[in-house]
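Q: predicted model, plus sequence, below.
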Amino acid sequence: MKRVVSVIWFVLAVGAAGFSQTDLQPAAIVRLTKSEPITVKQLRTEVELMEKQAGRTLNAAERRQVLDVMINERLAIQAAERDKITISENEINQQIQQLRSVLVQQLGRQPTDAEFATAVRNETGLEVPAFREQLRRQLIVQKYLQFKKGTILNAVKTPTEAEILNTYNLAKSQFVRPESVRFSMIQIPFGTDKNKARDTANRLVQEIGSNPAKFDEAMIKGQSPNAGYQAGDGGYLPRNLQAQQIVGQDFMNAAFTLKQGEVSKLIEGARGFHIIKVTETHAQKNLELDDIFQLGSRVTVRDYIGNMLLQQQQQEVLKKASDELIEELRRGNPFQVMENNLNW
């Protein structure tokens, strides 16, 4: 029996060692200024991340594209190091702060470090230190691209009024703002005790009734951390299928049954109870160029089309500049792909 167990452990150990050695084998070697391997493990990790985001298994051609992107990145970083292009910690921190600002808008407060780490993990599959390193590499590549191809990148022109008008006329039928309401909301999350949440909700319903002034009083109390419920501006709700899939049919029906200033009855949602008061109502509207494109903003249809056309130009120019830089960096074959190591 001991001998059999020993044999089993030996086989497992050899298998694990073989797998580890395979992972450490190079999938490619980049050597523009120095020899830098891309290991099978590094390629596998990147492919698995892509597969997770895509929700499917990548085929051999797609895995090869992932490897090409990794090669291009390392070529650009080696070239940047050669040309003394660097990224400071302050520049990385500025980018991190911008990402944290997005969470501030979503949460209505500063996120904790744990909440930020969770958001990064959910979006990228990476822990914060690995994400910072990825961000550093991306910023270096961006700065080097600007350094080498700034003339092309800076040649983008602002769309003319004629171009904006032509785009608007071609897509005029699509510029329709659906019937919408803005509402204030009191929300009692289910949490771990739905019965307790229901008791709180019923108490609020009795206190408020259909009285808008009482609703406003409850809204103010809801700003307190010990209120037992949440309250705030719910924003604008369009009357369409996409919005209904988010808020639910009962919520949608209640919101568009109320007149401006009226208070709803108790609404049970998927994650909590709600009481709302409609603060604005907007009928469906065919938008002209100077109309606000999205309620709650100052962006007009003209602004929206202009920004869209500008972004299209920027994407085209960015692709042209990137393709030129990649072609230049790959001249002379400063890398080698180990084809035999890609069969996994």
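A: Good, I have the coordinates.

Q: identify the bridge partners of Val278.
A: Val278 forms beta bridges with Phe183, as assigned by DSSP bridges.

Q: who's in contact with it?
A: By CB atoms under 8 Å, 6 or more residues apart in numbering, the contact list for Val278 reads Val181, Arg182, Phe183, Ala255, Leu258, Lys259, Gln260, Gly261, Glu262. Yep, even glycine has a C-beta here, placed from its N, CA and C like the rest.

Q: and the pLDDT at it?
A: Note on Val278: pLDDT of 97.

Q: how close does it sit to Asp250?
A: 15 Å (CB to CB, to the nearest Å).

Q: go on, Phe335?
A: Where Asp250 is concerned, Phe335 sits at a distance of 59 Å (CB to CB).

Q: quick one, which of the two is more surrounded?
A: Neighbours were counted for Phe335 and for Asp250 using other CB atoms under 10 Å; Phe335 has more, 19 against 14.

Q: from Arg44, how far out is the more buried one?
A: 19 Å.

Q: from the centroid of this structure, which residue is nearest?
A: Glu123 (6.5 Å; CA atoms, centre = their mean).

Q: what does the helix or strand where it lies contact?
A: For Glu123, the host element (DSSP states H and E) is helix 113-124. Helix 113-124 has contacts (CB under 8 Å, 6+ apart) with Leu49, Leu99, Arg100, Leu103, Leu107, Pro111, Leu126, Glu127, Val128, Phe131, Gln134.

Q: the helices in the stretch 151-300 of the chain, which residues?
A: Here the stretch 151-300 of the chain has its helices, by DSSP state H, counting those that start in this stretch, at 161-170, 194-208, 212-221, 241-247, 249-257.

Q: for Gln53, find the nearest of those helices.
A: Gln53 lies closest to helix 241-247 among the helices of the stretch 151-300 of the chain, at 22.0 Å (CB to CB).

Q: leaving out the residues flanking it, which one is nearest to Glu324?
A: Leaving aside its chain neighbours, Glu324 sits nearest to Lys149 (6.4 Å; criterion: CB to CB, 6 or more residues apart in numbering).

Q: now swap in Ser35 and tell me
A: Ile29 (6.1 Å).

Q: and the average pLDDT for whatever helix or strand the one you found lives in is what?
A: Following DSSP H and E, one finds Ile29 within strand 26-30. Strand 26-30 carries an average pLDDT of 96.

Q: stretch 300-315 now?
A: Per-residue scores along stretch 300-315 average to 97.

Q: and that stretch, what's buried?
A: Thr300, Val301, Arg302, Asp303, Tyr304, Ile305, Gly306, Leu309 (16 or more other CB atoms under 10 Å).

Q: contacting residues around the third one?
A: Put plainly, it is Arg302. With CB under 8 Å, 6+ apart, Arg302 has these contacts: Ile164, Tyr168, Leu289, Asp290.

Q: find the nearest non-adjacent residue to the last one, please.
A: By that I understand Asp290. Thr300 (5.5 Å).

Q: distance of the one you found from Ala162?
A: For Thr300 relative to Ala162 (CB to CB), the value is 17 Å.

Q: please apply the same query to Lys143.
A: From Lys143 to Ala162 the distance is 35 Å (CB to CB).

Q: more neighbours, the two?
A: The residue with more neighbours, out of Lys143 and Ala162, is Lys143; 16 against 8, by other CB under 10 Å.

Q: surely that one meets Ile85?
A: Yes - with contacts counted by CB atoms under 8 Å, Lys143 reaches Ile85, the gap being 5.5 Å.
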